Each structure stands twice: as structure tokens, then as C-alpha cells.
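Asker: The sequence and its predicted three-dimensional model are supplied below.
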Amino acid sequence: MPLGSLFSARLRWSLAGLGLAVLVLTAASMVVTGEHPLHAAYVTLLDLFAINDPIGHGRARQILQLLNGLIGLLILPVLVAATLEAFGTFRSASTLRRPPRGLAGHVVLLGLGKIGTRVLARLHEMNVPVVCVEEDPEARGIPLARRLKVPCVIGDVTDEGVLEAAKIGRASALLAVTSVDATNLEAALYARSLHPLLRVSLRLFDDDFATAVYRTLRAAHPGALTRSRSVSSLAAPAFAGAMMGRQVLGAIPVERRVLLFAALDVAGRAELEGRTVAEAFRPGSWRVIALDTSGPAERSADLASPGGQGGGGLVWDLHPGYVLRPGDRVVLAATRHGLGSLLGRRRREDGTRASGA
């Protein structure tokens, strides 16, 4: 462990000053007595620790002995301070840091569960200063915060003084990502009462509740930036995509909605087959954005995987007058309801044909 991490700068300067004083006294003893440097240093140390006999003659030597005794008295409190600082350093190595004085422009992260831990790691990678607030000292993200030396406040955020200890008044943003909606909302409201222009991002479970909170906070604090997101709502497209197989290529959250990208065969879809790209466009539901030009035998089941475009490729600049043929496969940008409508109609039509046969 480096010396700088054990002792404070003030203590290091004190030790250096005392060491320099001992060297000066040793040199003075050499000049006065004419002794060998090693013997002069030995006599000086005896005088420092007050274990040498008093000098009966030689005024200069007596003055040196008195000075050595005075320096020896100064050494004792410095040694005690060094011992206490070293002990405190070793003990604090296994404890959490407290927010330093004067901290400003940081992000207050509320909750160090599964999501909070990932957010903390990402913010640290981006070199964003963070102060964490967590009620459970055994939470998942506590070891990570300790390892990254991120300041933490252990306590219930709804208790008075906890957010103040995290320097919320000088923070740039609040990320409330605990698993309890009421805690996140209460923390956001209290933080806004202390810092009206604070940027706030809330994690909420119910999407309707998240929408209501967003509108209320935006109306109450129009000059501040507010975001509330339902994690379950944002994760729903990924689960839906997994259930649909390889049709859904990805999902992008846009404000309070999710935009899906899916690969669909044109054959058997009345909304697409025989229509131009412009005619197939349904505002608010779906839009054709690309055409897979690979042949039916060369097509991969997953366009999102490397090499998934087979021997052809994707044409992105489709002419609005291009007529979609039964053998085509297209990439759509669609809402959840729009994609569900396309897939649902196809299943209903297939079921009707099967029952008629």
C-alpha cells in the first residue's frame, strides 16, 4: 500500500519536518563535538528519546541536548497520530466511502439491486460522479460500490436527512431505480422540493401509473427534465419477440412507446401482397423500411444474426412505387399493436383455410 494512502499530507509534512530537524541536530553535534557521523547520530537519538546522561560541561553541547529533548517531545504526538491514521486507513478500506464535502454535479442513484448495480457500473464506465443511496447494507451492488470507491449513504430514503447526506441539493440528476414504486415516487417528490430543477428518472412497474406520474411531475415542474419508465413495459417487446421466434429483430423505446423491427414474408398478407410500398404504409401501425433481396432458398431464419442475409442483402432505399410480391420478405417498423394486427390476421386466415379444408 503506498505511503500516500496511509497518511494524510499534513502528517507526511510533519514527519518530513521532524526528520529534517534530526538531521540538522546530528550535523550540529558533529560540528560541536567533532565526533564520527554515526556516533553523532547515535548520541542525538539518545537525547531525542531522553535516555542519555545529562551533559555536565560544554555550553554548546548542553544547548544541543535541550533542543534534542524538545524535538523528542514533538515526535511523540506525531507518532501517535501516524498510528491512528494508519489504523483508520486499514479499517476504512473495508467500509463504504461517505460523500465528500463540496461535491456537486453528481448523480444520486437510489437503489443498488440488480438494475441499480448495472446502472452504477455503466455510470462509472462513463466517468460520471455518483453517490448511491441504499437501505440494505447487504444489497447486491454494495460490494461493487466498495470496490469502485463510490460514496454511499446507507439508510431509508424516506427518512429525513438521507437525501441531504447524498448532497441532493447540488446534484445534477436523481435515478430512482428501487423495486418499490412508492419509494421511487416519494424520493422524487422530496428531491424536487429541495431542488426544483433537478433532473429525475423513475423506475415504475405499472405503465399507466408511470404515465400519470410523468404528466403530473411535468406539469408541476415544467422547467425540469422528468422521465418515468415502466421496466415491465419496456421489457415486454423482448419477451414478445422471443415468443414470436425470429420475426422480431429488435425494439427501440420511443418516449412512452416501443418501436419494433420485424422481418415478415409478404405472401398471404393482404395488407402487403400486391400493394406498393406507399400503399402498404399504415400511419401509427407499420411501415415497410427494407426489402430482403436474397432468394427464398438462401434466406436465413434470423436477419439479425451475422451472415443472416444469405447471398443477397437488404435494400433500404425502396421506391414508394415498388409493388410487393408474394415471394418477397420485408423489414417493417411497427408498433406493438400494428405488428400484432398483422400477425393476428395471418393466423386467423390460416385457421379459416384449415377449417374450410
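Answerer: Structure received.

Asker: Would you tell me which helix is longest in the protein?
Answerer: Secondary structure assigned by DSSP state H gives helix 59-92 as the longest helix of the chain.

Asker: right, and the helix or strand after that helix?
Answerer: strand 107-110 (DSSP states H and E).

Asker: Each with direction, which strands does that next one pair with?
Answerer: Paired neighbours of strand 107-110 in the sheet (DSSP bridges): strand 130-134 (parallel), strand 173-176 (parallel).

Asker: circling back: now the longest helix of the chain: mean pLDDT?
Answerer: Here helix 59-92 scores 73 as its mean pLDDT.

Asker: Which other helices and strands does that helix contact?
Answerer: helix 3-6, helix 9-33, helix 37-48 (3 or more C-beta pairs under 8 Å, 6 or more residues apart in numbering; DSSP states H and E). Any C-beta I mention is one placed from the backbone N, CA and C, and that applies to glycine too.

Asker: Buried residues, it. List them.
Answerer: By 16 or more other C-beta atoms under 10 Å, the buried positions in helix 59-92 come out as 61, 64-65, 67-68, 71-72, 75, 81-82, 85-86.

Asker: residue ranges with poor pLDDT in the stretch 1-150 of the chain?
Answerer: The model of the stretch 1-150 of the chain has pLDDT under 70 over residues 1-8, 55-57, 85-95.

Asker: roughly how far out does the longest helix of the chain sit from the chain middle?
Answerer: Relative to its chain's centre, helix 59-92 lies at 45 Å (C-alpha atoms, centre = their mean, to the nearest Å).

Asker: Tell me what angle that helix forms with helix 37-48.
Answerer: 70 degrees (axes from the mean of the first three to the mean of the last three C-alpha atoms, to 10 degrees).

Asker: To Arg218, which of the helices and strands packed on helix 59-92 lies closest?
Answerer: Using C-beta to C-beta as the measure, helix 3-6 is the one of those that comes nearest Arg218, at 46.2 Å.

Asker: Next one: Ala40 relative to Leu204, how far apart?
Answerer: 76 Å (C-beta to C-beta, to the nearest Å).

Asker: who's in contact with stretch 274-281?
Answerer: Residues from elsewhere that reach stretch 274-281 (C-beta atoms under 8 Å, 6 or more residues apart in numbering): 271-272, 286-288, 318-325.

Asker: Each with direction, which strands does the longest strand belonging to the chain pair with?
Answerer: Identified as the longest strand of the chain according to DSSP state E is strand 257-265. Take DSSP bridges as the rule and strand 257-265 pairs in its sheet with strand 248-254 (antiparallel), strand 329-334 (antiparallel).

Asker: looking at those strands, which one has the lowest mean pLDDT?
Answerer: strand 248-254 (a mean of 75).

Asker: Restricting to C-alpha, output it in CSV.
Answerer: Extracted in CSV, the C-alpha atoms of strand 248-254 (Å, rounded to 0.1, in the frame of the first residue of the first chain):
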residue,chain,number,x,y,z
VAL,A,248,-38.8,-9.5,-34.3
LEU,A,249,-35.3,-8.2,-35.0
GLY,A,250,-35.2,-5.6,-32.3
ALA,A,251,-37.1,-3.0,-30.3
ILE,A,252,-36.4,0.7,-29.6
PRO,A,253,-38.2,2.7,-26.8
VAL,A,254,-39.5,6.0,-28.1
